[in-house]
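Novice: just the structure for this:
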Amino acid sequence: MIDTANAFIELFAQPVRSADSGSLAGLTFAAKDNIDVEGRITGNGNPVWRRAHGPAAAHAPVVARLLAEGAVLAGKTHMDEFAYSLMGTNAHYGTPLNSAAPDRVPGGSSSGSASAVGAGLVDFALGTDTGGSVRLPASFNGIFGMRPSHGAIDMGGVVPLGPGFDTLGWFARDAGTLVRVGRALGLVGKADFTVAWLPSDIWTGIDPGLAALLRQAAEKIAARFGKTIANPLPIVGPEERSEVYRFWQGYDAWKALGGWVEAHDAELGPDIASRFAAARSVSDETFARVDATRREIAGAMDAALAEDLVIIIPTAPGPAPRKDSSREIFEIYRQQALGLLSIAGHAGLPQISMPAGKMDGGPVGLSIIGRRNSDGGLLELLEGL
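Specialist: This is a model prediction of the structure:
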């Protein structure tokens, strides 16, 4: 295989395999470079981290499980430094290709995994999703991506960013493969949703052109259910959701990685350096305040979704920004995106992004979100679509 998309930090000369049969036999995959592969260095998107760490002693459990199901591992993919970004750029390794819109960023931090799938280099790829690092690249590249319920997939052997939000997700070009991988990872269940929820505050709060493009697909999904509601979300608005995420996750990220970053000259790219500086400054008092709000969000969403509702919303506020956009444009987009992405993140909910068309030449995604631990049912719903 030739890496035509700058998707891989390491493309294995000999792909890794451990079984000739299983539910994933015949499929190839890639793993993000914060996920351990036995005998390979986990670089975490940063050259100093890569030099400071030796080869992994064992596969991460998720890698071992996929290999045991017959999938073949082709290599490890590029990522944003420390998984601490959403745009897919890396000051050290460059930007993987967005095959669906080459003039636009691929999204991150699981940039290389999305790029590898979008370019047809592998059948599926593993990523991690803290603030949206699977869902946003899926939308940007016109592919499928799933963030499971928080805690649904073993995070052993994965470098943390913010453990209170971190999840392990995956990408595929088609719904069938996305479902197949999810089932191989133990996510099974019935699609027992009875009500489609298209929250009015989300649909009226996005770009009108995006709403017009996605609304038909959303209503087609909703028509499968006996009832559709448009009640606004029973939680704080997008700006506050984004702020709560930024402070909560920053505090968590500094606890997880701050000591290492301080002890090493990590040669951070400017955006990542500023993000860690902001994370370091989050006080205990600020964390306590946003933690209370996050708990309120999670409680309200758990209560609302207990009635077997499935939420249908845009994955992102629009197509990917262009690669030559300013840092200010990237940051504005990031904050807008977090207003949408943090709905599932704050409450630990499963979310699947699916391709839903193009806007201004760039793909956009539509998402379905279920109650906590309804991952198998959400995959069955996707399969039925």
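
Novice: quick one: A74 is in a helix?
Specialist: No - counting by DSSP: H, G, I helix; E, B strand; the rest coil, A74 is located in no helix; its state is strand.

Novice: mind checking how far W203 is from R65?
Specialist: Look at W203 and R65: by Cβ to Cβ, to the nearest Å, they are 38 Å apart. (C-beta placed from N, C-alpha, C; glycine too.)

Novice: one more: S139?
Specialist: In terms of Cβ to Cβ, S139 sits 27 Å off from R65.

Novice: compare the two (neighbour count), which wins?
Specialist: S139 (33 against 18; other Cβ atoms under 10 Å).

Novice: secondary structure element for the more buried one?
Specialist: Element membership of S139, judged by DSSP states H and E, is helix 135-141.

Novice: now P355
Specialist: Using DSSP H and E, P355 falls in strand 351-359.

Novice: in that strand, which residues are buried?
Specialist: Q351, I352, S353, M354, P355, A356, M359 (16 or more other Cβ atoms under 10 Å).

Novice: same deal with stretch 76-94?
Specialist: 76-91, 93.

Novice: ok, stretch 363-382 next?
Specialist: Neighbour count says stretch 363-382 has 363-382 buried, by 16+ other Cβ under 10 Å.

Novice: restricted to helices, list the residues you listed.
Specialist: D375, G376, G377, L378, L379, E380, L381, L382 (DSSP state H).

Novice: ok, the last one touching G176?
Specialist: Right, the one you point to is L382. No - counting by Cβ atoms under 8 Å, L382 does not reach G176; the two are 9.3 Å apart.

Novice: now the residue sitting furthest away from the middle of the chain: closest residue in space, sequence neighbours ignored.
Specialist: For the chain, the residue at maximal distance from the C-alpha centroid (Cα atoms, centre = their mean) is G226, at 30.2 Å. Closest residue in space to G226, ignoring its immediate chain neighbours: T194 at 5.9 Å, by Cβ to Cβ, 6 or more residues apart in numbering.

Novice: show me the contacts for the one you found.
Specialist: F225, G226, K227, E307, D308, L309 (Cβ atoms under 8 Å, 6 or more residues apart in numbering).

Novice: distance check, it against E307.
Specialist: 8 Å.

Novice: who's A172 bridged to?
Specialist: Applying DSSP bridges to A172 gives these bridge partners: F124, F144.

Novice: ok, the residue nearest to the spatial centre of the chain to F287 distance?
Specialist: Geometric centre of the chain, nearest residue: V134, 2.0 Å, by Cα atoms, centre = their mean. In this view, V134 and F287 are 25 Å apart by Cβ to Cβ.

Novice: quick one, domains of the chain?
Specialist: 8-184, 195-238+284-384 (automatic domain parsing).

Novice: for the stretch 201-350 of the chain, just list every one of the strands.
Specialist: Ranges of strands in the stretch 201-350 of the chain, per DSSP state E, counting those that start in this stretch, are 227-229, 309-314.

Novice: which of those strands sits closest to R17?
Specialist: strand 309-314 (36.8 Å; Cβ to Cβ).

Novice: tally of neighbours for V236?
Specialist: 17.

Novice: report pLDDT for it.
Specialist: As predicted, V236 sits at a pLDDT of 98.

Novice: could you do the one 3 residues further on as well?
Specialist: With respect to pLDDT, E239 scores 97.
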